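Novice: return a 3D structure for these sequence lines:
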Amino acid sequence: MSLIQLEQSLPDAHLLKPSTWPCLMQGFRPMFLLSGIWAVFSMLVWTLVLSGTLPWHLSVSPTLWHAHEMLFGFASAVAIGFLFTASQNWTGIPTLNGIGLLLLSCVWLAARVVFLFADDSLIFLAGLQAAFWLLAICHLTHTLVQAKSRKNYQFVIILCVMASFNLTFIWLLENNDLALAHVFSHLAILGFTLLISVIAGHIMPFFITRGLGLNQQVKTPRLDKLLFWSAIVGISGFFSHHIFSSPLNPGFVLVFTAFLHLMRCAYWFNTGVFTRPLLWSLYLAYLFMALGLLGFGGGYLGFPWYSKDALHLITIGAMGLMILSIMARISLGHTARPLQPHPLMGIAFALCTLAAITRSILPVFINPHHSWLQVPYFGLAHLSSLSLCIPLF
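Specialist: Numbering: from 1, shown residues only. The predicted structure is shown next:
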């Protein structure tokens, strides 16, 4: 594992070499930092627009802008930063750094600015997003192929699918097909559940074993394989149901996949995880994903849970909480610091958890349009999103 010794100063001659700048040495540094700042800013814009304080100036609806920026802006950048860093550990081959990483970061940032301020055409956004995905996927593919890391090729496939969802989403916005754009935002969320499932299978058993000082990892290879293909079938079923009007109900496979995730949670469970913030946050995020998927799939089977509320348990509870936890762990571990997060991170994990419950579960029992329900949700979400930058400094 390549470490950045924060206490060491760089020689003056190295200051002219971007590859020696700490912020550009590994993929997680600029990607985590930029996405963390963007999460705070975009959530502020979203809150002001919903409250009527800030008039919306784009022809694209603020809901779809919010969906795109949270999924294909914020979460995608974190995913790329994580995979660049993790693949370097898996393969022993240095990943993108220096000028190349700076270019990738600038492309990502330019896409955020263009979508927020350009209202005439989305062609520039599509070009920038395509360039970001192309650069990231090609580099990750080159690294994995060079190392012959075949078991990790699945990440390349998942990223290609996510990129296609992203570009299709933009194309639908350009053609004003808003209903279908919402479908592709849901497809992207399901795609992220698959990505989280694969990543969790790689890291959770190891983190729990190492964090609790256990003698042996809990391995479930058959369940892992069944989960992967069940998720693929579920996403395909959802796609065919909404795009090709297939009469087959995707709810059955989605619910089945959710139960498989719950089985995985049961295998991984150890009471000791609740003594480590970096463990209980990851475990709870995975549990939220399983429950959110259960509620979303159950919506097709008549479960009393509105699908958007269930999806927010995935986006806030699973994606948000897992991103907070992974950012903290990687930022500490890869800068040669002890895996002891700042006390504020524990508070941030709790706030993110409460925000997920407030937004996704309470509306089942209470009218979600009540202002007193929205205020604590946005307040908790803002406080937890502000903590995204804590482990980076």
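
Novice: show me the chain divided up by domain.
Specialist: Domain assignment for the chain by automatic domain parsing gives 16-175, 177-393.

Novice: ok, the residue nearest to I316 when sequence neighbours are not counted - contacts?
Specialist: Among residues not flanking I316 along the chain, A356 sits closest, at 4.1 Å (Cβ to Cβ, 6 or more residues apart in numbering). C-beta: built from backbone N, CA, C; applies to glycine. Residues counted as contacts of A356 (Cβ atoms under 8 Å, 6 or more residues apart in numbering) are 288, 312-313, 316-317, 320-321.

Novice: rewinding a little: pick out the shakiest of the domains of the chain, pLDDT-wise.
Specialist: Per-stretch mean pLDDT for these is lowest at domain 177-393 (a mean of 85).

Novice: residue closest to the middle of the protein?
Specialist: Residue closest to the average C-alpha location in the chain (Cα atoms, centre = their mean): A75, at 3.7 Å.

Novice: the nearest residue to it once chain neighbours are set aside: neighbour count?
Specialist: With sequence-adjacent residues excluded and distances taken as Cβ to Cβ, 6+ apart, A75 is closest to M319, at 5.7 Å. M319 has 27 neighbours, counted by other Cβ atoms under 10 Å.

Novice: then F244?
Specialist: Neighbours of F244 using other Cβ under 10 Å come to 7.

Novice: for the one 4 residues further on, same thing?
Specialist: The burial count assigned to L248 is 10, neighbours taken as other Cβ under 10 Å.

Novice: got the phi and psi for it?
Specialist: Here is the backbone geometry of L248 (degrees, to the nearest 10): phi -70, psi 130.

Novice: do the same with H57
Specialist: The phi/psi pair for H57 (degrees, to the nearest 10) is phi -110, psi -10.

Novice: quick one: it and W65, what's the gap?
Specialist: Going from H57 to W65 by Cβ to Cβ, to the nearest Å gives 11 Å.

Novice: more neighbours: those two, which one.
Specialist: Using other Cβ under 10 Å as the criterion, H57 and W65 rank with W65 on top: 20 against 10.

Novice: what kind of secondary structure is that one in?
Specialist: helix (DSSP: H, G, I helix; E, B strand; the rest coil).

Novice: so what's it up against?
Specialist: 58, 115-116.

Novice: repeat for W268
Specialist: 204-205, 208, 218, 283, 286.

Novice: including secondary structure, distance to G346 and neighbour count, could these go into JSON lines?
Specialist: Output for the contacts of W268, formatted as JSON lines (DSSP: H, G, I helix; E, B strand; the rest coil; distance: Cβ to Cβ, whole Å; neighbours: other Cβ atoms under 10 Å):
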{"residue": "M204", "secondary structure": "helix", "distance to G346": "19", "neighbour count": "21"}
{"residue": "P205", "secondary structure": "helix", "distance to G346": "23", "neighbour count": "19"}
{"residue": "I208", "secondary structure": "helix", "distance to G346": "18", "neighbour count": "21"}
{"residue": "V218", "secondary structure": "coil", "distance to G346": "25", "neighbour count": "14"}
{"residue": "Y283", "secondary structure": "helix", "distance to G346": "14", "neighbour count": "23"}
{"residue": "Y286", "secondary structure": "helix", "distance to G346": "18", "neighbour count": "24"}
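
Novice: could you tell me the end-to-end distance of stretch 239-256?
Specialist: End-to-end span of stretch 239-256 (Cα to Cα, to the nearest Å): 17 Å.

Novice: what residues sit buried inside it?
Specialist: Using 16 or more other Cβ atoms under 10 Å as the test for burial, stretch 239-256 gives 239, 241-242, 250-251, 253-255.

Novice: and if you look at stretch 343-357?
Specialist: Judged by neighbour count (16+ other Cβ under 10 Å), stretch 343-357 contains these buried residues: 345-346, 348-357.

Novice: of these, which belong to helices?
Specialist: Among the buried residues of stretch 343-357, the ones falling in helices (DSSP state H) are 345-346, 348-357.

Novice: re earlier: can you flag the buried ones in the contacts of W65?
Specialist: 115-116.

Novice: now, which of the contacts of W65 sits nearest L294?
Specialist: F115 (32.6 Å; Cβ to Cβ).

Novice: quick check, that closest one in contact with L64.
Specialist: No. Using Cβ atoms under 8 Å, F115 is not in contact with L64, being 10.4 Å away.

Novice: picking that back up, what would the buried residues of stretch 239-256 look like in JSON lines with secondary structure and distance to S42?
Specialist: Formatted as JSON lines, the buried residues of stretch 239-256 follow (DSSP: H, G, I helix; E, B strand; the rest coil; distance: Cβ to Cβ, whole Å):
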{"residue": "F239", "secondary structure": "helix", "distance to S42": "27"}
{"residue": "H241", "secondary structure": "helix", "distance to S42": "30"}
{"residue": "H242", "secondary structure": "helix", "distance to S42": "27"}
{"residue": "P250", "secondary structure": "coil", "distance to S42": "30"}
{"residue": "G251", "secondary structure": "helix", "distance to S42": "31"}
{"residue": "V253", "secondary structure": "helix", "distance to S42": "33"}
{"residue": "L254", "secondary structure": "helix", "distance to S42": "28"}
{"residue": "V255", "secondary structure": "helix", "distance to S42": "32"}
